[in-house]
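[1] Here is my input, please return the structure:
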Amino acid sequence: KDGITTVYNGIDLDKFKYDTNTREVLIDEFKLDHDSLLLLAVGRLHPAKDYPNLLKAFAQIKQNTDQNIQLLIAGDGEEREYIQQLIGSLALQKNVHLLGRRNDIPQLMSAADLFVLSSSFEGFGLVVAEAMACNTFVVATDCGGTAEIMGDTGILVPTQNSEALAEALKKAV
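    Model prediction:
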């Protein structure tokens, strides 16, 4: 009874931290406008991450704003072709960027205006804590441990609900 200790997942705060210089580097790399609002999602392209949910929510936002919003998705996986097709069918080619596998996730998180987790299920969702460590506002689905991680910060929405995710993103914007 007295021999058990809970050890929570840790984050290297020397690595995951806000850096004022990364935004301009990212905007130049992707040839984006300097007034772009950058949304970031990170994770493998897999059904668990529910990127179709995110893309449908993002399409709703794009229809209802004149603001220059860009969605960056870092990660790769077996759903890449399907996600590319969905991006095309939603006419989001100019606003959604599939970055593939990246080694600069802390810099991407630091450069982004919003971090989005659209997963239908997660174990713990460490990526949410990493984004928060980079001072990036988080909009996430209530999957796995995200509610525990976020506490009373960010915006939490139900899983597999594009309308709720779109509303939360609109509110965050």
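[2] next one: phi and psi at the residue lying closest to Asn68 once chain neighbours are set aside?
    Ranked by CB to CB, 6 or more residues apart in numbering and with sequence neighbours excluded, the top spatial neighbour of Asn68 is Ser36, at 4.8 Å. C-betas here are computed from N, CA, C, even on glycine. Main-chain torsions, Ser36, degrees, to the nearest 10: phi -60, psi 140.
[3] again, but for His97
    Note on His97: its backbone torsions stand at phi -120, psi 110 [degrees, to the nearest 10].
[4] Show me the contact partners of the helix or strand where Ala59 lies.
    Here Ala59 is covered by helix 51-63, with elements defined by DSSP states H and E. The set of residues external to helix 51-63 that reach it, using CB atoms under 8 Å, 6 or more residues apart in numbering, is 39, 41, 45, 69, 71, 73, 79, 83, 86-87, 90-92, 95-96, 116, 118, 120, 141, 159-163, 165-166, 169-170, 173.
[5] now do 6 Å
    Taking CB atoms under 6 Å, 6 or more residues apart in numbering as the criterion, the residues outside helix 51-63 that touch it are Leu71, Ile83, Leu86, Leu90, Ser118, Gln160, Ser162, Leu165, Ala166, Leu169, Lys170.
[6] for Gly154, what are its contacts?
    Listed by CB under 6 Å, 6+ apart, the contact set of Gly154 reads Val138.
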